[in-house]
Structure formats: structure tokens, C-alpha cells
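Visitor: here are the coordinates; sequence isn't available:
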């Protein structure tokens, strides 16, 4: 597992059921909008020894019609939304800044927790994204420095501190600590606002 | 490769394992470490699929009933 360049990591890992779930879902998602995966799954994709029941993803804002297009495509492809069957209701949740969850039909775990990127911090997560190349497809994740800062200075649970440590240890030579500090300051500023 | 250092408490023990496992990843091929990680991940997914929870129960558990 290594950086090929500043924006690309190649992982020749054996894919597990969670990876396949992610790859199948994003194949549909990226036909409709741009996305970036954040939070726990990022560290798991990069080797962390824990599971997760959901994958957090920011998507770029969509018009109602475009969201309905995405939703219909997901339904046709065997997914359901845990929050509601009504597209109007689901769209209103997204517009209000709430997350909606998609899983395979009749299942709840694992699920994708989908949110519009609305504030500056979340919109900026699309910048400096990393493309992770796996054996069966590519996955776009937030930058490692952003991941570390968010987990260490915003979420701060034991699990999140461990996730941050894992990424830092595995990619020691590639991590820009100045960037982590910049994100730390942004997070602190956002918290105070 | 680093050896696993026992921690003085649970938190330190867990952080020491994080460092140990990171060292293992860096010293072994992706296929070797991921096969071990996947035992854990796949068993969690299989368990979730076997012991199904309703949408309502799941959202209730997450505090997301609207």
C-alpha cells in the first residue's frame, strides 16, 4: 500500500464484503454526483482492524430532480433508504443538513450515510481528495491530514483517536503535519462559530 | 519489525497495538495483512446479515427517528 503521487494511493489488498458494498454503491452514486468518503471507513480501507456499520459520504448538492434520479437508480439497483420511501421527504432532509441512509433492500447494516456538503469545511473536503486504487475500482477519500485532524480534534472518541493514530503510523513519511495543524485551527474556529 | 509492547492500561495497550499493526502492514504485502483484517470485517457483515434489524429499530438505536 503506497502513495503513487500526492493524490493517489494504490492498495493491493484482498477486498472484503464492506469494500464490495462501497464499490457497488459508489458506481451508482458517481453517475449522478461527485462524492468524498470521510470518517471510519477511510482508516478501515487503509488497514485499520475494526469494523463499521456505516460509511459516511459527502455528496455535492443536487437539485430535487437530480436527487430523484439518483434515488430511483439506487432503488432499481437493489437499495432502499432507511429513513423514508418518499423522495420529497428524503430531499427535504438533505436540504436541512440531515443525513439519509441507504442499505441493500431489507438490510440495515452496512449502510451509506449520505449528506450534502453544505458548510465550507465539508465543501473543502472535495479539495485535496485522494483517489484510492483497489483491485476492483477506485474510491475517493478525504485527505489523510483532514481525516487525522477531524478525528483527533473534533470527534475525539477513543475509537477516533485510534483511527487517527493508525493513519499517521502507516503513512508516517507522507503526512504533512503542518496541514493537520491548519485543519485543527479551522475545526476550532468552526466550533466557536 | 516492532514487537508488541504490553500497555500499562487498556488505552495504552490499544495504542501499542495500533503501532504494532501499522508496522506489520508496512512489513508485509497488502494481500497478507488484508486477509487477516478481512476475517474480522467479513464476520461482522455476516453477523449483521444473519441477525437482521428493522429500519425503525436501527434508526431508533442511532437516535435518528424523525
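Guide: Now that the structure is in, tell me what you want to look at. Keep in mind it's a predicted model, so treat the numbers as computed, not measured.

Visitor: In contact with residue A:109, which residues?
Guide: By Cβ atoms under 8 Å, 6 or more residues apart in numbering or on different chains, the contact list for residue A:109 reads A:53-54, A:103, B:45, B:48-49, B:53, B:58. Where C-beta positions appear, they are placed from N, C-alpha and C, glycine not excepted.

Visitor: So which of these is the closest to residue B:15?
Guide: residue A:53 (23.5 Å; Cβ to Cβ).

Visitor: helix, strand or coil for the closest residue in space to the closest one that isn't next to it in sequence?
Guide: Nearest residue to residue A:53, sequence neighbours excluded (Cβ to Cβ, 6 or more residues apart in numbering or on different chains): residue A:109, at 4.5 Å. When classified by DSSP: H, G, I helix; E, B strand; the rest coil, residue A:109 comes out as coil.

Visitor: just the residues of chain A that are near chain B, which are they?
Guide: A:1, A:11-14, A:16-18, A:21, A:44, A:47-51, A:53, A:80, A:82-83, A:93, A:98-99, A:101, A:106-110, A:158, A:162, A:165-166, A:169-170 (Cβ under 8 Å from any Cβ of the partner chain).

Visitor: Let's see which of those end up in helices.
Guide: A:17-18, A:21, A:44, A:93, A:158, A:162, A:165-166, A:169-170 (DSSP state H).

Visitor: Now for chain A: which helix has the highest residue count?
Guide: helix A:177-192.

Visitor: if we can go back for a sec, pull out the buried members of the contacts of residue A:109.
Guide: Taking 16 or more other Cβ atoms under 10 Å in any protein chain shown as the criterion, what is buried in these is A:53-54, A:103, B:45, B:48, B:58.

Visitor: Packing partners of the longest helix seen in chain B?
Guide: Counting by DSSP H, the longest helix found in chain B is helix B:30-50. Contact partners of helix B:30-50 among helices and strands, from 3 or more Cβ pairs under 8 Å, 6 or more residues apart in numbering or on different chains; DSSP states H and E: helix A:17-29.

Visitor: Contacts for stretch A:141-160, please.
Guide: With Cβ under 8 Å, 6+ apart, stretch A:141-160 has contacts from A:36-40, A:42-43, A:45, A:50, A:125, A:128-130, A:132, A:161, A:163-164, A:167-168, A:171, A:174-177, A:179-181, A:183-184, A:187-188, A:191, B:11, B:14.

Visitor: What is the end-to-end distance of that stretch?
Guide: With Cα to Cα, to the nearest Å applied, stretch A:141-160 spans 16 Å between its terminal residues.

Visitor: before we move on, what SS does the most centrally placed residue in chain A have?
Guide: Nearest residue to the geometric centre of chain A (Cα atoms, centre = their mean): residue A:37, 1.7 Å. On the three-state scheme (three-state DSSP), residue A:37 is labelled strand.

Visitor: wait, it sits on residue A:52?
Guide: No: the criterion here is Cβ atoms under 8 Å, and residue A:37 misses it with residue A:52 at 11.3 Å.

Visitor: what about stretch A:35-43, average pLDDT?
Guide: Mean per-residue pLDDT for stretch A:35-43: 95.

Visitor: Return the distance of that stretch from the chain's centre.
Guide: Put simply, stretch A:35-43 sits 3 Å off its chain's centre (Cα atoms, centre = their mean, to the nearest Å).

Visitor: how about stretch B:59-66 against chain A, any contact?
Guide: Yes: using Cβ under 8 Å from any Cβ, stretch B:59-66 reaches chain A at B:59, B:64, B:66.

Visitor: Pull out the buried positions in that stretch.
Guide: Going by 16+ other Cβ under 10 Å, stretch B:59-66 has these buried residues: B:59, B:62, B:64.

Visitor: Flag every buried residue along stretch A:30-37.
Guide: So stretch A:30-37, judged by 16+ other Cβ under 10 Å, has buried residues A:32-33, A:35-37.

Visitor: got TSV for these, with distance to residue A:142 too?
Guide: Conversion of those to TSV gives the following (distance: Cβ to Cβ, whole Å):
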residue	distance to residue A:142
A:32	20
A:33	16
A:35	11
A:36	5
A:37	7
